[in-house]
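Peer 1: Sequence plus predicted model, see below.
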Amino acid sequence: MINLAKAIIQKEDKYLLLQRSFKSHFFPSQYDFPGGKIKEGEKTEDAIIREVKEETSLSIELGEKIGNYQFVAMDNKLHFQIFESKSFTGDIELSEDHTEAIWVSKKDLKLYDLAPIVKLYFEE
């Protein structure tokens, strides 16, 4: 099983989504929440903060855990833990793993090719 941590980062009524590189192993070119793999022995909260910083250059203050999700992709069982972000600071500077950062309202999500975890989160 692959353990992952994702952050829900909001600005007003919009959510931050990152377009994954077309070279990504999982979900190429799809829009996803910031976050990634939890390293062996790493706390989930530390992983989210690290991953968001690596992917976006943003510093976040984590809020509550808001979800656990599991699904299978490419014969891999993926376990996602999602936390809300209370606040963030900095300007977005994307890593090479992403091609675009967008702020999108819930009503406009249908306009984008979303990663499965984003779809699952908004289906609730």
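Peer 2: All right, it came through fine.

Peer 1: Could you use CA atoms for every contact and neighbour count after this?
Peer 2: Fine.

Peer 1: low-confidence ranges in this protein?
Peer 2: Low-confidence segments of the chain (pLDDT under 70): 124.

Peer 1: From the centroid of it, which residue is nearest?
Peer 2: The centre of the chain sits closest to Phe33, judged by Cα atoms, centre = their mean, with a distance of 2.3 Å.

Peer 1: quick one: that one and Gly41, what's the gap?
Peer 2: 23 Å (Cα to Cα, to the nearest Å).

Peer 1: cool, and Gly90?
Peer 2: Counting by Cα to Cα, the gap from Gly90 to Gly41 is 28 Å.

Peer 1: Neighbour count for those two, which is higher?
Peer 2: Gly90 (11 against 6; other Cα atoms under 10 Å).

Peer 1: How about the contacts made by the residue nearest to the more buried one when sequence neighbours are not counted?
Peer 2: Nearest non-adjacent residue to Gly90, counting by Cα to Cα, 6 or more residues apart in numbering: Leu58, 5.0 Å away. Contact analysis of Leu58 by Cα atoms under 8 Å, 6 or more residues apart in numbering lists Val52, Phe88, Thr89, Gly90, Asp91, Ile92, Glu93.

Peer 1: Check for me that Glu51 belongs to a helix.
Peer 2: Yes: under DSSP: H, G, I helix; E, B strand; the rest coil, Glu51 falls within a helix.
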